[in-house]
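A.B. asks: okay, here's the prediction I keep looking at, along with the sequence it came from:
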Amino acid sequence: MSNLTDYFVAPTDEVAATAAEYTEDRLGLLDLTPEDVAAGKALYQQNPVLGAMPRVRTAASGTLVVQRKNVEPALSMAQLEEILTGRMQRVVKDDLRWAALIGPAGPEDVADAVVVSLTDTLRDALAGLDAPAIQEAARRWGEAEEFTDADTSGLAPFLTALADLAARALPGGEHLYCRVIF
């Protein structure tokens with residue numbers, strides 16, 4: 001089973017946590033319009049490979065969302081951070097923002113989705129990437145054990161989108177987050 005990951009920027013943990021909440025009466029922080037959801041499903045049905053590539057969408061709230069299947073925010077992002085910064089994964093995992101549960105309020109409330117934080121060190125490293133650095137990082141990241149049996153062709157576009165998201169976050173001191181939908 002594959003998990004959908006939605007990477008996004010928010011000013012605070014409290015705002016980011018709302019992305020884990022389901023609201024029946026209104027669209028949430030990361031909810032796409034029904035038209036966008038239908039278009040994504042149609043694309044996947046017509047061309048599963050293209051439909052599974054990373055996509056940048058604007059949620060109904062105006063929040064930019066970078067979607068990708070199976071690039072989870074703990075191990076994958078620790079590997080990426082090590083590649084980009086040289087910080088060993090064991091050091092990354094000691095960072096209080098590394099994959100910290102932001103929402104829902106407690107583990108007992110987890111149903112269909114969780115929101116976790118990414119480190120500010122990763123945000124800063126992503127924000128500073130240029131096109132050649134993105135290509136090299138994607139190549140090295142694709143060699144990670146996690147991706148040995150997976151199609152890594154979408155890693156460079158995914159990193160390009162993440163780098164853009166991080167660059168947008170930096171001036172306002174916003175943080176990167178990931179919502180994982182089970």
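C.D. replies: Here it is on my side, so go on.
A.B. asks: contact partners for Val92?
C.D. replies: 78, 81-82, 98, 119, 121-122 (Cβ atoms under 8 Å, 6 or more residues apart in numbering). To be clear about C-beta, it is placed using only N, CA and C from the backbone, and glycine gets the same treatment.
A.B. asks: ok so Gln135 is a strand residue?
C.D. replies: No. Read with DSSP: H, G, I helix; E, B strand; the rest coil, Gln135 is helix and lies in no strand.
A.B. asks: now the helix or strand containing Val15, how far from the chain's geometric center?
C.D. replies: Under the criterion of DSSP states H and E, Val15 resides in helix 13-17. Distance of helix 13-17 from the chain centroid (Cα atoms, centre = their mean, to the nearest Å) equals 15 Å.
A.B. asks: for that helix, C-alpha coordinates in CSV please.
C.D. replies: Provided in CSV are the C-alpha atoms of helix 13-17 (Å, rounded to 0.1, in the frame of the first residue of the first chain):
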residue,chain,number,x,y,z
ASP,A,13,2.9,24.2,14.3
GLU,A,14,-0.6,25.1,15.3
VAL,A,15,-1.6,26.2,11.8
ALA,A,16,0.1,23.1,10.3
ALA,A,17,-1.7,20.8,12.7
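A.B. asks: so which bits of it are buried?
C.D. replies: Judged by neighbour count (16 or more other Cβ atoms under 10 Å), helix 13-17 contains these buried residues: 15-17.
A.B. asks: can you check stretch 76-92 too?
C.D. replies: 76-84, 87, 92.
A.B. asks: next: stretch 56-65.
C.D. replies: Buried residues in stretch 56-65 (16+ other Cβ under 10 Å): 56-57, 59, 63-65.
A.B. asks: for it, what is the average pLDDT?
C.D. replies: Stretch 56-65 comes out with an average pLDDT of 84.
A.B. asks: which outside residues touch that stretch?
C.D. replies: Defining contact as Cβ under 8 Å, 6+ apart, one finds that stretch 56-65 is touched by 6-10, 27-33, 36, 66-67, 161, 164-165, 168.
A.B. asks: going by neighbour count, which of the residues you listed are buried?
C.D. replies: The buried subset of those (16+ other Cβ under 10 Å) comprises 6-10, 28-32, 36, 66-67, 161, 164-165.
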